[in-house]
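A.B. asks: My questions concern the predicted model and sequence given below.
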Amino acid sequence: MVHDSLRLRVTRITPEAEGIRSYELVPMEGGALPPFEAGSHVDVHVPGGFLRQYSLCNDPEERHRYVIAVQCDPKGRGGSQAMHERVRVGDVLTTSLPRCDFPLLYARSHVLVAGGIGITPLLSMAHALRRQGARWHLHYCTRSPERTAFRELLTSPAFAGHVTFHHDGGDPARGLDVRALLSTRSGGTRLYCCGPAGLMRAVREASLQHTWPREKVHFEAFSAEASGAISDRADTEFQVVIRSTGACYPVPPGKTVLNVLRQNGLRVPSDCEAGTCGTCLTRVLDGDPDHRDTFLPEARRAARCDMLVCVSRARSRKLVLDL
Ligand code: FES
């Protein structure tokens, strides 16, 4: 084990649902792992040179192992496929120390809304809430029982009465009625959501419509590869033009617009840098943004007049930004 990274041995790979496997990781030298809090993730160096973030989904009280789960996305950028195809029991993976951008905060009750592989951070929260004896309920949205990871665990006596499954058969209109769920709220409730972009947008819009306090609604953003729903485009290079100076900067694959603006001395406020908070909203004067956030409502996205520069890219070859 070195100072800021971990070398972990894969001791178990478990099929959890169609296309989803969990990986149990333990320290090579034995002993205890650094503690983590519910909602944490690690960066994993995946064979083939990929670096991917995966949430830890086991009980945060466990110190002998981390468990991650990976959904194989054949249309993704290769990281999840490499995890499925190249990682075997006995292999050693290098990971970062756990980090938490999605902490579980005190509340009188908790509503958890998971979509697909977005169950992973919420599962560690469910473990923590169960131990605390807290009031909580998990709504878990998937296409079918076969696509539902950790089903056995979540239907076990330990979680009985705290979990509702919603299977939509591929049609979100037949799944969880997010508006109805969020239409009532008892004081002191917090809501946590992680899943595909469409689900997170629906939860955000319903929470605004039913005047949930913003600080009580928490989102964990997924990469495009993990959610499979943020963009249908691979990263390609495009240009950003700054209205005030006329300067033109290339945005290559692997860099965000925000990175490029900062490197060139432009100051754009940011917070989450994951497309969930809205802080980096920037007006677009010309060009076609490729929205990859989970913040902007559908009508704003369609209007193409602003974008979140921490994650969104371009469908056109050029974007003119009002900076
Ligand atoms: S910094 Fe939060 S959406 Fe961009």
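C.D. replies: Yep, that arrived. Residues are numbered from 1 along each chain as shown.
A.B. asks: hmm, which helix or strand of the protein has the shakiest average pLDDT?
C.D. replies: helix 224-227 (a mean of 40; mean pLDDT, DSSP states H and E).
A.B. asks: after that one, next one along is what?
C.D. replies: Beyond helix 224-227 on the C-terminal side, the first helix or strand identified by DSSP states H and E is strand 238-242.
A.B. asks: which residues are in contact with that next one?
C.D. replies: The contact list for strand 238-242 (CB atoms under 8 Å, 6 or more residues apart in numbering) reads 247-251, 257, 260-261, 266, 286, 313-314, 316-321, 323. From N, CA and C alone the C-beta is placed, and that goes for glycine too.
A.B. asks: From the chain's centroid, how far away is it?
C.D. replies: Relative to its chain's centre, strand 238-242 lies at 28 Å (CA atoms, centre = their mean, to the nearest Å).
A.B. asks: what lines up beside it in the sheet?
C.D. replies: Here strand 238-242 has these sheet partners by DSSP bridges: strand 248-251 (antiparallel), strand 318-321 (parallel).
A.B. asks: Which of these sits closest to residue 217?
C.D. replies: The minimum distance between residue 217 and the strands paired with strand 238-242 falls on strand 318-321, with 28.5 Å, by CB to CB.
A.B. asks: Could you find the closest non-adjacent residue to residue 311?
C.D. replies: Spatial nearest neighbour of residue 311, chain neighbours left out: residue 275 (3.7 Å); criterion: CB to CB, 6 or more residues apart in numbering.
A.B. asks: pretty sure the one you found is touching residue 309, no?
C.D. replies: No: using CB atoms under 8 Å, residue 275 makes no contact with residue 309, being 9.7 Å away.
A.B. asks: how far out from the middle of the chain is stretch 46-55?
C.D. replies: 14 Å.
A.B. asks: for stretch 119-131, same thing?
C.D. replies: Counting by CA atoms, centre = their mean, stretch 119-131 comes out at 15 Å from the chain centroid.
A.B. asks: show me where pLDDT drops low in the protein?
C.D. replies: Across the chain, residues meeting the criterion (pLDDT under 70) sit at 1-3, 221-234.
A.B. asks: who's more crowded, residue 275 and residue 309?
C.D. replies: Taking other CB atoms under 10 Å, residue 275 and residue 309 do not tie; residue 309 has more neighbours (30 against 27).
A.B. asks: Need phi/psi at the closest residue to the more buried one other than its chain neighbours.
C.D. replies: Nearest residue to residue 309, sequence neighbours excluded (CB to CB, 6+ apart): residue 257, at 4.0 Å. Taking degrees, to the nearest 10, you get phi -60, psi -40 for the backbone angles of residue 257.
A.B. asks: Could you do residue 175 as well?
C.D. replies: Residue torsions, per degrees, to the nearest 10, at residue 175 are phi -100, psi -150.
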